[in-house]
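Q: could you look at this predicted model? Sequence included:
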Amino acid sequence: MKAGEVWILQFFKETIGFVLFVGLVIGWLSTCITSIPLGSEGVLTSFGCFQNTPLNPGLHFTLPWPFQTILPVKTDQIREISLGFSKDLSKPLLWTERHVEGEKNLLIGNGESLLTINLPILYRIADPIAFLKATSDAEVALTDLAERKLIQIATARESFHMMTDDRQAIAENMQRGLQKDADRLGLGLIIVFVGL
């Protein structure tokens, strides 16, 4: 008995092309279904253009890829950037050792003091369409805006007041200014909190 004469092998040879074709068609048609998780909104793109209305969480049907796609964006997640240092090392250290990684110093006032400032900024995505249209990396854009705003504020204040009574006012001023700049640039972000 020859292997080529076995009926199952002959059947497999005759149907392999059809099975592969059906599998590819089913895989392609599966791109018509997208599930948007809770806490997210979807942005529909048709022929590469963003639609103007975000989609709510749930199951959505579209034309197959590449004609239409849905990009899910987490809109309830609070994100954080930190100006001043990259990461708190969070362990007991001597006062002569660095307490953080990537520590940066800033001249305050008329250059009379050099301080290390930590400025945590919490934000979330409010408008997913504007968020995707405005920039490829909103975190970098927000970081650049915050650094510029911090330098403007720091050069106008004395170091003693920055470390004591003006901290709350500076943080509030930073939050208002950052929100205004983010709105002006159409980043689609809400600044939730700025600390100093």
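A: Cool, the structure landed. Numbers count the residues shown, from 1 in each chain.
Q: quick one: least confident helix or strand in this structure?
A: Within the chain, no helix or strand scores below strand 87-88, which has a mean of 52 by mean pLDDT, DSSP states H and E.
Q: then the helix or strand hosting Tyr123 to CSV, C-alphas only?
A: Following DSSP states H and E, the helix or strand that holds Tyr123 is strand 119-125. Taking C-alpha atoms only, strand 119-125 is exported to CSV below (Å, rounded to 0.1, in the frame of the first residue of the first chain):
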residue,chain,number,x,y,z
LEU,A,119,6.5,68.0,41.0
PRO,A,120,4.1,65.0,40.6
ILE,A,121,1.4,65.6,38.0
LEU,A,122,-1.6,63.4,37.8
TYR,A,123,-3.8,63.5,34.6
ARG,A,124,-6.3,61.5,32.7
ILE,A,125,-7.6,61.4,29.1
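Q: specify the beta-bridge partners of Thr69.
A: Beta-bridge partners recorded for Thr69 (DSSP bridges): Thr45.
Q: oh sorry, the question was meant for Ile190
A: Residues in beta-bridge contact with Ile190 (DSSP bridges): Arg124.
Q: for it, give me its contacts.
A: Tyr123, Arg124, Ile125, Ala126, Gln179 (Cβ atoms under 8 Å, 6 or more residues apart in numbering). In short, each C-beta sits where N, CA and C put it, glycine included.
Q: ditto for Leu178
A: Leu178 touches Ile121, Leu142, Leu145, Ala146, Lys149, Ile191, Val194, counting by Cβ under 8 Å, 6+ apart.
Q: could you find the closest non-adjacent residue to the third one?
A: In space, Leu145 comes closest to Asp181 once its chain neighbours are excluded; the distance is 4.8 Å by Cβ to Cβ, 6 or more residues apart in numbering.
Q: now do stretch 183-196: distance to the chain's middle.
A: Distance of stretch 183-196 from the chain centroid (Cα atoms, centre = their mean, to the nearest Å) equals 13 Å.
Q: identify each buried residue in it, please.
A: Leu185, Leu187, Gly188, Leu189, Ile190, Ile191, Val194, Leu196 (16 or more other Cβ atoms under 10 Å).
Q: JSON lines for the residues you listed, including pLDDT and distance to Phe50?
A: As requested, the buried residues of stretch 183-196 are exported to JSON lines (pLDDT from 0 to 100; distance: Cβ to Cβ, whole Å):
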{"residue": "Leu185", "pLDDT": "89", "distance to Phe50": "17"}
{"residue": "Leu187", "pLDDT": "91", "distance to Phe50": "15"}
{"residue": "Gly188", "pLDDT": "91", "distance to Phe50": "12"}
{"residue": "Leu189", "pLDDT": "93", "distance to Phe50": "17"}
{"residue": "Ile190", "pLDDT": "94", "distance to Phe50": "20"}
{"residue": "Ile191", "pLDDT": "93", "distance to Phe50": "23"}
{"residue": "Val194", "pLDDT": "89", "distance to Phe50": "29"}
{"residue": "Leu196", "pLDDT": "78", "distance to Phe50": "36"}
